[in-house]
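Build me a model from this:
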Amino acid sequence: MFKKIKEILSGKQTIKGIEIKRSAIEKLTEFSKGSYPKEFLGFLEGKIENGEILIDDIIFQPYIANENSAFSTRLWDMPITAKVIGSAHSHPGPSNHPSRADLHFFGKTGIVHIIIKLPYRTEDVALYDNNGNVLDYKIIE
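Presented below is the predicted three-dimensional model:
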């Protein structure tokens, strides 16, 4: 998995498409609503095959807030899995655009990132690459 992520980050491989399982989106909306008014943070599990990305689950990640960022992960709390391909988190407001802190975090946590805004519905989800560029995606069953 790490080799495939490295190939995309280096430009040797491009992202041809992104699919997200509906169950992962539903989990994201539930976690976000349950965490409100605080932000939810999780990691995207999935696979990469020939530039096609499939996001099939979200792993909940406990976090602590600090003065420099909306969230700060502790390395010893990170899930131990080779299937982590990105991050997901909620914004407790009307914007799902990445902040500076989000962009900094994106660079440390994979290649695709989800931000969901209030009121935490499927249509409130946006996907981004590490640079904050919007990515198109398709929800599948």
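
Any regions of this structure where pLDDT drops low?
Where the chain drops to pLDDT under 70, the residues are 1-2, 5-7, 9, 61-82.

Now do the strands in it.
Listed in chain order, the strands of the chain (DSSP state E) span 17-21, 41-49, 52-60, 64-66, 69-72, 84-91, 112-117, 125-128, 134-135, 138-140.

Now do the third one against strand 41-49, angle only.
In terms of direction (axes from the mean of the first three to the mean of the last three CA atoms, to 10 degrees), strand 52-60 departs from strand 41-49 by 150 degrees.

buried set for strand 52-60?
By neighbour count with 16 or more other CB atoms under 10 Å, strand 52-60 contains the buried residues Ile53, Leu54, Ile55, Asp56, Asp57, Ile58, Ile59. C-betas here are computed from N, CA, C, even on glycine.

what's the farthest-apart pair in those?
Ile53 and Ile59 (16.2 Å; CB to CB).

if we can go back for a sec, indicate which one of the strands of the chain is closest to Ser35.
Nearest of the strands of the chain (CB to CB): strand 84-91, 6.3 Å.

Need the nearest residue in space to Gly107, chain neighbours excluded.
The shortest distance from Gly107 to any non-neighbouring residue, by CB to CB, 6 or more residues apart in numbering, is to Asn130 (5.4 Å).

got it, and Gly46?
Per CB to CB, 6+ apart, closest to Gly46 is Ile55, 4.2 Å.

Quickly list what the one you found is bridged to.
Under DSSP bridges, the beta-bridge partners of Ile55 are Ile20, Gly46.

I'd like to know how far it sits from Ile15.
According to CB to CB, to the nearest Å, Ile55 stands 12 Å off from Ile15.

who touches both of the two?
Val112 (CB atoms under 8 Å, 6 or more residues apart in numbering).
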